[in-house]
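Enquirer: using only what follows, build the 3D model:
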Amino acid sequence: MDMSPKLREYPYWSVDVPGLDEIRAEELRKRCLQLGLDAELVDPSEFVTLHLPEPLVGALVAHFASQELAKGSPVANLAESLEEDLEAMRGLSSKTNQARA
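Expert: Residues are numbered from 1 along each chain as shown. Sure thing, here's the model as predicted:
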């Protein structure tokens with residue numbers, strides 16, 4: 001398994017498999033577990049999985065920062081999560097750029 005610095009430093013990689021049904025998702029999860037990977041199924045009837053590019057995450061974080069959000073509210077929790085993701089994305093990006101230089 002490739003354990004490049006990029007993989008080790010940002011442990012939230014995901015795999016998007018279009019057209020995957022519940023049965024095959026469970027099979028894939030079981031194979032991941034056999035490989036020692038912690039795999040979690042995300043039911044699309046209960047959760048939205050977003051693949052947001054860094055500039056959009058940055059814009060959302062800036063927008064939320066300009067608002068008064070009720071502490072502990074769903075929107076405040078989303079804002080906090082996006083801010084953490086943005087920090088990780090930017091930290092990873094700067095490290096990748098330094099490695100290329």
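Enquirer: which stretches of the chain have low pLDDT?
Expert: Scanning the chain with the threshold set as pLDDT under 70 gives 1-12, 92-101.
Enquirer: where along it do the helices fall?
Expert: Listed in chain order, the helices of the chain (DSSP state H) span 5-9, 22-34, 54-65, 74-100.
Enquirer: Val15: which of these is closest?
Expert: helix 22-34 (8.4 Å; C-beta to C-beta). The way it works is simple: take the backbone N, C-alpha and C, and place the C-beta from them, glycine included.
Enquirer: next one: that closest one to chain centre, how far?
Expert: Centre-to-centre, helix 22-34 and its host chain are 20 Å apart (C-alpha atoms, centre = their mean, to the nearest Å).
Enquirer: list the buried residues of it.
Expert: Within helix 22-34, the residues that qualify as buried are Ala25, counting by 16 or more other C-beta atoms under 10 Å.
Enquirer: neighbours of Pro44, how many?
Expert: 11 (other C-beta atoms under 10 Å).
Enquirer: could you measure from Arg31 over to Val42?
Expert: According to C-beta to C-beta, to the nearest Å, Arg31 stands 17 Å off from Val42.
Enquirer: again with Met89
Expert: Distance, Met89 to Val42, using C-beta to C-beta: 20 Å.
Enquirer: neighbour count for the two, which is higher?
Expert: A direct count of neighbours by other C-beta under 10 Å for Met89 and Val42 places Met89 higher, at 16 against 10.
Enquirer: hang on, isn't that one packed against Glu54?
Expert: Yes - Met89 is in contact with Glu54 according to C-beta atoms under 8 Å; the separation is 5.0 Å.
Enquirer: what touches both of those two?
Expert: Taking C-beta atoms under 8 Å, 6 or more residues apart in numbering as the contact criterion, Met89 and Glu54 have no common neighbours.
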